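Asks: mind folding the following:
(chains A and B, ligands or ions: 2)
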Amino acid sequence: MNEPLIHVQDLVQRIGSQDILRGLTLDLFPGETLVLLGKSGGGKSVFLRHLIGLMPPVSGSIVFEGQEITKLGERELESVRRKIGMLFQDGALFDSMNVFDNVAFPLRERGERNPAVVREKVAQSLAMVNMAGHDQKMPVNLSGGMRKRVALARAIISPPDVILYDEPTAGLDPIVSDSINRLIRRLQREIRVTSLVVTHDLISCNHIADRVALLDGGRIHFLGTLSELRETRDPVVRDFVDGRSGETVY
Amino acid sequence: MQILSFFQGLLSSLLTSLGELAILAWETICSIARGRVRVWLTLRQIAEIGFGSQLVVVVTGAFTGAVFTAQAYFQFASLNMETAVGPVVALSMFRELGPALTGLMVAGRVGAAMTAEIGTMKVTQQIDALRALAVNPVDYLVVPRALAMFISMPLLVVECVGLGVLASYYVGVHVLNINGVYFFANVQKWTEGSDIMMSLIKGFVFGGLIVFISCREGLRAKDGAVGVGRATTATVVTSSLAILIANFFLTMALNILFPAGQR
Ligand SMILES: Nc1ncnc2c1ncn2[C@@H]1O[C@H](COP(=O)(O)OP(=O)(O)OP(=O)(O)O)[C@@H](O)[C@H]1O
Ligand SMILES: [Mg+2]
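Replies: Residues are numbered from 1 along each chain as shown, chains lettered A, B, ... in the order given. Ligands and ions are numbered 1, 2, ... in the order given. So this is what the prediction gives:
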């Protein structure tokens, strides 16, 4: 295959006395959608935060477009962050702004001053996540799933090269989940967005994944295509995919 | 041994905070110098900080001036020096009370609100969201507040002092029957440009202390709602103490530049 867009090598993160990542190595290739599975509390969100420099690792390296980003300062990271969008697990909407201003925020920050253009793009973006007509509401007055969708609209409004999704379909009903899956596919097809999707939703995984990775014990335990995922005999993967907790009920 | 290490810890945390404050102030100045100023946000903060604090500051100034006048009168009247009340009150308001009281009131009203707002953004990952969208939190949150504070504080101090002197005049002349012409003439004779400069400089410095202390406390808030509460308390306590301490050193330093009572 060609050069990876993001190359993560031996990433180690420790918070307090807890080892969260212990030598994670992963490549993300341009244009692909990689789904990252893993136990709750396994460090998936923490891993995503490293990819846009929100957290410096204890050791290891992350190379994005040939540039080592773990050593960059806050200002130098800005150019990287303009190319990598992130959907936070709980949305992280700005609660002092209404839905419209939240979604318009990245546009305005990138210098779009024409209100007509802003209005049109925001409307488009909200329509893509089935949130049209809610643009005057404040984030606190939205349901969890709606908040997530607004955050998604904000993440895709000026489409970056890479989007990191932290559980885009968690807490959504099956129909909206499906439209989000289609949206992720569509972004990939139409504007060649590279995506890293953290999810627990195996239906969504089956829909969108080009490759699947399983994070376990702070490392990538399994990496392969969907059919490899279905066929593997690895017990950790099997338990995860088939939903077995491994506990015995007495 | 334990006591020693306690004081060592205290000293090192004090130095750390001072260092962090200096870094924040430096970053703010750099980003203002680079022209990363959001005019609209700054105007909104001026409305919030400057305009919104007027009532509190004016009432504080007026009643301090009034009560100070009454006390000074009771003391001076026994020496037949009633007309000295005016300049004494005016000078103290300009040089000490105006800036310090305004600083304390603004620290309570504005500083606490700033920390609570920024702290809540921090613990709910909104600051991370800003950073993820390639927006620097210092540019977006601290710069508008700092500019608004630097513009508003000197004006608020002037308002506080002005109302204090007016109240003093009213109480002195209309309630305590001091001769109005003498009162006014003495105030004019004894207060000079340098006193006004002093109150403006102090207001400016206190504004800086408040804004950087509040923003720093907010930006490093953690542990949810409790943490935000803790940070807010820390802001009010720290900035009040910082104002009182800085006030002393400023008085000493500025007295070299603008000596008092040289007439
Ligand atoms: N700021 C922090 N301070 C201390 N511990 C943290 C911090 N952030 C994350 N952790 C710990 O890191 C571990 C991994 O957290 P993370 O949020 O990455 O899990 P996750 O894989 O995303 O789980 P989920 O699927 O439930 O979202 C958890 O044990 C968590 O307690
Ligand atoms: Mg997570």
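Asks: quick one: average pLDDT of stretch A:144-161?
Replies: Computed over stretch A:144-161, the mean pLDDT rounds to 85.
Asks: ok, now stretch B:108-124?
Replies: Average pLDDT, stretch B:108-124: 93.
Asks: buried residues, the helix or strand containing residue A:80. List them.
Replies: When elements are assigned from DSSP states H and E, residue A:80 belongs to helix A:77-83. Of the residues in helix A:77-83, those buried by neighbour count under the rule 16 or more other Cβ atoms under 10 Å in any protein chain shown are A:77-78, A:80-82. Glycine gets a C-beta too; all of them are placed from N, C-alpha and C.
Asks: count the neighbours of residue A:210 for me.
Replies: Other residues within reach of residue A:210 by the criterion other Cβ atoms under 10 Å in any protein chain shown amount to 14.
Asks: once you drop chain neighbours, what's closest to it?
Replies: Excluding its sequence neighbours, the residue lying closest to residue A:210 (Cβ to Cβ, 6 or more residues apart in numbering or on different chains) is residue A:32, at 4.5 Å.
Asks: dump the residue contacts of the one you found.
Replies: With Cβ atoms under 8 Å, 6 or more residues apart in numbering or on different chains as the criterion, the residues that contact residue A:32 are A:194-195, A:210-211.
Asks: in the stretch 51-200 of chain B, which spans are helices?
Replies: Listed in chain order, the helices of the stretch 51-200 of chain B (DSSP state H, counting those that start in this stretch) span B:54-77, B:85-92, B:98-106, B:112-123, B:126-132, B:137, B:143-169, B:180-190, B:193-219.
Asks: quick check: residues of chain A near ligand 1?
Replies: Neighbours of ligand 1 within chain A, by Cβ under 6 Å from any ligand atom: A:15, A:20, A:38, A:40-46, A:89.
Asks: in ChimeraX, select just the buried ones from those residues.
Replies: Here is the ChimeraX command that selects only those of the residues of chain A next to ligand 1 that count as buried (16+ other Cβ under 10 Å):
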select /A:20,38,42,43,44,45,46,89
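Asks: so residue B:214 sits right up against residue B:117, yeah?
Replies: No: contact criterion Cβ atoms under 8 Å: residue B:214 and residue B:117 do not qualify, at 9.3 Å.
Asks: now, the residues of chain A next to ligand 1 that are in helices?
Replies: Among those, the ones falling in helices (DSSP state H) are A:44-46.
Asks: okay, those residues in CSV with pLDDT next?
Replies: Compiled in CSV, these are given as follows (pLDDT from 0 to 100):
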residue, pLDDT
A:44, 88
A:45, 90
A:46, 90
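Asks: just send the residues you listed back as a markdown table, with distance to ligand 2 too.
Replies: Output for these, formatted as a markdown table (distance: Cβ to the ion, whole Å):
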| residue | distance to ligand 2 |
| --- | --- |
| A:44 | 5 |
| A:45 | 3 |
| A:46 | 8 |
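Asks: out of these, who's near chain B?
Replies: Intersecting those with the contacts of chain B gives an empty set (criterion: Cβ under 8 Å from any Cβ of the partner chain).
Asks: turn those into JSON lines, columns for distance to residue A:128.
Replies: Output for these, formatted as JSON lines (distance: Cβ to Cβ, whole Å):
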{"residue": "A:44", "distance to residue A:128": "25"}
{"residue": "A:45", "distance to residue A:128": "24"}
{"residue": "A:46", "distance to residue A:128": "28"}
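Asks: residue B:41: which of the residues you listed is nearest?
Replies: residue A:45 (29.7 Å; Cβ to Cβ).
Asks: longest helix of chain B?
Replies: The helix of greatest length in chain B, counted in residues with DSSP H as the criterion, is given as helix B:224-257.
Asks: quick one, that helix and helix B:98-106 angle?
Replies: Calculated by axes from the mean of the first three to the mean of the last three Cα atoms, to 10 degrees, helix B:224-257 forms an angle of 180 degrees with helix B:98-106.
Asks: cool, thanks, signing off.
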